[in-house]
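Undergrad: requesting a structural model of the entry that follows:
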Amino acid sequence: MLTKVHHIQITIPEGTMDLAREFYIDKLGLDEINKPDKLKHRDSFWVSLGEVDIHISVEDGEHREATKAHIAYEVDNLDYLIKRLSHLGLEIEEEIIQLPGYRRIHFRDPFGNKVELIQPNT
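TA: All right, here's what the predicted structure looks like:
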């Protein structure tokens, strides 16, 4: 029986680990967490948001820009984050179908991974 989401894994191209740490930890504010000793040799790092861990690993040859696969982060100030992401030079897709009770946007991280930010209407 499924009980909860344990972790999510996304990938980045070879040679972009420092840029990925800067983006996900410094700019988006996720907390880096320790990997188990048996996995420390792998070219990856882990971050967490609440009870869900996000594993960011190197994988070359993928066409991240062509997929709809994404992580959706619930946020409490979408307008602030739109300004922040625009300031970082990221292209925001606001012309998407809105879900009842939510505002949302999509953008691609510096590695082509699709990201959704979703805020409940208040």
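
Undergrad: ok, which stretches of this protein are helices?
TA: Secondary structure of the chain (DSSP state H): helices located at 17-21, 78-87.

Undergrad: of all these, which one is nearest residue 6?
TA: helix 17-21 (20.9 Å; Cβ to Cβ). Placement of C-beta: from N, CA and C, glycine included.

Undergrad: any idea of the mean pLDDT for that closest one?
TA: What helix 17-21 shows for mean pLDDT is 96.

Undergrad: do stretch 56-76 as well
TA: 88.

Undergrad: buried stuff in that stretch?
TA: 56, 57, 58, 64, 70, 71, 73, 75 (16 or more other Cβ atoms under 10 Å).

Undergrad: does the fourth one touch residue 70 like I think?
TA: I take that to be residue 64. No: with contact defined as Cβ atoms under 8 Å, residue 64 and residue 70 do not form a contacting pair (10.0 Å).

Undergrad: any shared contact partners between those two?
TA: Counting by Cβ atoms under 8 Å, 6 or more residues apart in numbering, the common neighbours of residue 64 and residue 70 are 113, 114.

Undergrad: of the buried residues of stretch 56-76, closest to residue 121?
TA: residue 75 (12.6 Å).

Undergrad: residue contacts, the closest one?
TA: Residues in contact with residue 75 (Cβ under 8 Å, 6+ apart) are 81, 117, 118, 119.

Undergrad: so which two of these are the farthest from each other?
TA: Greatest spatial distance among those (Cβ to Cβ): 81 and 118, at 10.8 Å.
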